[in-house]
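Q: Curious how this folds, go ahead:
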Amino acid sequence: MQPVCLLGIDPGSRLTGFGIVRDDDRYIQYVSSGCIRMSATAMPARLQEIFNNISQLIQRHQPSILAIEKVFMHKNADAALKLGQARGVAIVAAMQQGLQVFEYTPNEIKQAVVGHGHADKTQVQYMIQRLLHLSAVPQADAADALAVALCHVQTQKFYRYLA
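A: Now for the predicted structure:
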């Protein structure tokens, strides 16, 4: 199997986590991770920052797949709408550069990485550090983005196993 480069995104309107891994079907290799911190205060300008930064990440690392967290409705509808907008521009950036896009719920992501769907952020960070053999615990949003990418890898391997 040809190695596949994946970009995982944990979207946010003020802070968007990203994680990039390479999967050769035997080994998952950590490539890069971090956070896109918005400097703008107006929402349209923040969305442009997300779009530009994700476009640059795609150009630099050449992933073929974007895995992104689905919007979930919590207590604050306004926050969910902003999250949806951040997701939208990330998806458009990926689609414009020809990436396949896959979406996963927070529970699916936590289940794939930690083993139960209601894990907290510290559990996700711990497992990401262990699974990817990182020397330090990644920042929470970067760990979440790496978890999205790993969720995609695990999901695809499961479906190939069933086939």
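Q: quick one: buried residues of the host helix or strand of C151?
A: Assessed by DSSP states H and E, C151 sits inside helix 140-162. Buried residues in helix 140-162, counted by 16 or more other C-beta atoms under 10 Å: 140-156. Every C-beta, even on glycine, is put in place using the N, C-alpha and C of the backbone.
Q: packing partners for that helix?
A: Using 3 or more C-beta pairs under 8 Å, 6 or more residues apart in numbering; DSSP states H and E, the elements in contact with helix 140-162 are strand 4-10, strand 15-23, strand 28-37, strand 65-69, strand 100-104, helix 106-113, helix 121-131.
Q: got the ones you listed as CSV, with distance to K75, mean pLDDT and mean neighbour count columns?
A: Shown next, in CSV, are these (distance: least, C-beta to C-beta, whole Å; pLDDT from 0 to 100; neighbours: other C-beta atoms under 10 Å):
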stretch, distance to K75, mean pLDDT, mean neighbour count
strand 4-10, 19, 97, 26
strand 15-23, 19, 97, 23
strand 28-37, 24, 97, 18
strand 65-69, 18, 97, 24
strand 100-104, 22, 97, 16
helix 106-113, 15, 95, 21
helix 121-131, 18, 97, 17
